[in-house]
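Participant: A predicted structure for the sequence below; I have some questions about it.
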Amino acid sequence: TRVKPYFIFLLALETGMLGVFAALDMFLFYLFWEATLVPMYFLIGMWGYGRRMYAAMKFFLFTLVGSLLMLVAILFLYFTAGADPTFDYRALLGTPLAVDTQRLLFLAFFASFAVKVPLVPLHTWLPDAHTEAPTAGSVMLAAVLLKMGAYGLIRFGIPLFPDAARELVPVILALSIVGIVYGALVAAMQRDLKRLIAYSSVAHLGFVVLGIFVGSLQGMSGGILQMVSHGLSTGALFLLVGALYERRHTRLIADFGGLARSVPVLSGVFLFVALSSLGLPGLNGFVGEFLVLLGTFFTYRWWVVPAAFGVVLAAVYLLWAYQRVFHGPLTIDANRSLPDLNLREVAMLAPLMVLILFIGVYPQPFLDRINPAAEKVVQQLNRSTVDPASDVAEGP
């Protein structure tokens, strides 16, 4: 229903996201950052399910409050940039700031980015938004919107405030580890299939932030590649759950069982994507997670243990959910005559599956593009002062 406004909001959301990743003017970046809130609010509120207005308002308020702190920090940078105030990110790089000032400004930026990632305990808006959003909204949220927070940390947080970022690394790593383990444990307890995938995003994005702040090239490159991998795998999982919902009008795991008999193609694709999400070697999820764990081992050895435990938990909750939905006896009559994936749905999922396999088998083309930029940001994080001549702005 209301197809025209639906696509208007979807295209407006896309415009805002493209602006966020393209803007090098800090104020323009902030405007695009805020511009993504409005269309997503309406997509959830008008075309969502159940408690859609609650989820839409929670999403809007969480992100808005965090980003207002970032606006204050941007304005402070503008007025302290020197004789010629500017919002140009490249001109602001290397602005001399006391460590205490850096710390406050970094925390202001971090508040906005941590909400968007999201890091525990600022994650509570995400399961509600994912669960109640329409399928396309969930895909855009998982594949792109969540990555805006991690992108902001790489592009703005570390290069502008390297001393403060380095000082707060232990706290951020701890929050990342908590997110990995907590997200996986809570995902395993979910009865709603879509909510399970939403909590898995909390765990996967914990790996991304962990990789960004361990201070090694392997970790940074792995975190960036994990952003790509998570977008593909989790986006495909939300598409598949949406396809199941269109057929049964329920997402409760208990309402399924034995679907491999009635929808064999859907069950096969779901297993393929679930294996990629849990990090099976040969698929995309393994490469990013392995690089993050490797980079963590080089710099913060003991943090690898709980992070690796999160990988094990991912296998537990995803395979257990798959078993309950697609295996076992067909005990519910409504599940016996479900239509399988049609040609349009297969054509929609095929490119994602090809990329999932390609990255898992041959990630080098992606890493070749990622590594130069990642190395510059790692240098920013590891050295004591910002080098004004650095060309990190041309990196990520």
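Facilitator: Arrived safely, thanks for sending. Numbers count the residues shown, from 1 in each chain.
Participant: ranges for the helices of the stretch 251-396 of the chain?
Facilitator: Remark: helices of the stretch 251-396 of the chain, listed N- to C-terminal, are 259-262, 264-277, 284-299, 304-326, 343-361, 364-382; assignment by DSSP state H, counting those that start in this stretch.
Participant: and for the stretch 101-250 of the chain?
Facilitator: Across the stretch 101-250 of the chain, reading from the start of the chain, the helices by DSSP H, counting those that start in this stretch fall at 125-132, 135-140, 146-152, 158-160, 162-167, 169-188, 193-213, 217-248.
Participant: would you convert those helices into a markdown table that also reports mean neighbour count?
Facilitator: C-beta here means a position set from N, CA and C on the backbone, and glycine is covered the same way. What follows is the helices of the stretch 101-250 of the chain, written out as a markdown table (neighbours: other Cβ atoms under 10 Å):
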| stretch | mean neighbour count |
| --- | --- |
| helix 125-132 | 25 |
| helix 135-140 | 22 |
| helix 146-152 | 23 |
| helix 158-160 | 26 |
| helix 162-167 | 20 |
| helix 169-188 | 20 |
| helix 193-213 | 27 |
| helix 217-248 | 24 |
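Participant: tabulate those helices (JSON lines), appending mean pLDDT and distance to Arg336.
Facilitator: Written out in JSON lines, the entries for the helices of the stretch 101-250 of the chain read as follows (pLDDT from 0 to 100; distance: least, Cβ to Cβ, whole Å):
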{"stretch": "helix 125-132", "mean pLDDT": "88", "distance to Arg336": "27"}
{"stretch": "helix 135-140", "mean pLDDT": "90", "distance to Arg336": "24"}
{"stretch": "helix 146-152", "mean pLDDT": "92", "distance to Arg336": "37"}
{"stretch": "helix 158-160", "mean pLDDT": "90", "distance to Arg336": "54"}
{"stretch": "helix 162-167", "mean pLDDT": "89", "distance to Arg336": "56"}
{"stretch": "helix 169-188", "mean pLDDT": "91", "distance to Arg336": "28"}
{"stretch": "helix 193-213", "mean pLDDT": "91", "distance to Arg336": "19"}
{"stretch": "helix 217-248", "mean pLDDT": "92", "distance to Arg336": "11"}
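Participant: kindly reformat these as CSV containing distance to Val354.
Facilitator: Compiled in CSV, the helices of the stretch 101-250 of the chain are given as follows (distance: least, Cβ to Cβ, whole Å):
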stretch, distance to Val354
helix 125-132, 25
helix 135-140, 17
helix 146-152, 21
helix 158-160, 33
helix 162-167, 37
helix 169-188, 27
helix 193-213, 21
helix 217-248, 10
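Participant: tell me who's in contact with the residue positioned nearest the centre of the chain.
Facilitator: With distances taken as Cα atoms, centre = their mean, the residue of the chain nearest its centroid is Leu146 (3.8 Å). With Cβ atoms under 8 Å, 6 or more residues apart in numbering as the criterion, the residues that contact Leu146 are 116-118, 126, 201, 205, 230.
Participant: again with Gly45
Facilitator: Contact analysis of Gly45 by Cβ under 8 Å, 6+ apart lists 52-53, 56-57.
Participant: among those residues, which ones are in helices?
Facilitator: Secondary structure from DSSP state H places 52-53, 56-57 of the contacts of Gly45 in helices.
Participant: can I have the buried ones of the residues you listed as a ChimeraX selection?
Facilitator: In ChimeraX, selecting the buried portion of the ones in helices among the contacts of Gly45, with burial taken from 16 or more other Cβ atoms under 10 Å, looks like this:
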select :52,56
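Participant: which stretches of the stretch 201-350 of the chain have low pLDDT?
Facilitator: Screening the stretch 201-350 of the chain residue by residue with the criterion pLDDT under 70, one finds no matching range.
Participant: contact partners for His123?
Facilitator: Applying Cβ under 8 Å, 6+ apart, one finds that His123 lies in contact with 179, 183, 202.
Participant: now do 7 Å
Facilitator: With contacts defined as Cβ atoms under 7 Å, 6 or more residues apart in numbering, the neighbours of His123 are Val202.
Participant: what of Ala133?
Facilitator: Ala133 sits next to 43-44, 48, 141 when contact means Cβ under 7 Å, 6+ apart.
Participant: let's see 6 Å
Facilitator: Taking Cβ atoms under 6 Å, 6 or more residues apart in numbering as the definition of contact, the neighbours of Ala133 are 44, 48.
Participant: quick check: the gap between it and Leu252.
Facilitator: With distances taken as Cβ to Cβ, to the nearest Å, Ala133 is found 17 Å from Leu252.
Participant: for Ala150, same thing?
Facilitator: As it turns out, when the distance is counted by Cβ to Cβ, Ala150 lies 32 Å from Leu252.
Participant: any idea how far Glu167 is from the closest residue to Ala198 other than its chain neighbours?
Facilitator: Leaving out its chain neighbours, the residue that sits closest to Ala198 by Cβ to Cβ, 6 or more residues apart in numbering is His130, at 3.5 Å. In this structure, His130 and Glu167 are separated by 33 Å, where distance is defined by Cβ to Cβ.
Participant: do the same with Leu173
Facilitator: Using Cβ to Cβ, we find Leu173 at a distance of 12 Å from Glu167.
Participant: likewise for Phe358?
Facilitator: Taking Cβ to Cβ as the measure, Phe358 falls 39 Å from Glu167.
Participant: same question for Ala111.
Facilitator: Taking Cβ to Cβ as the measure, Ala111 falls 16 Å from Glu167.
Participant: many thanks, have a good one.
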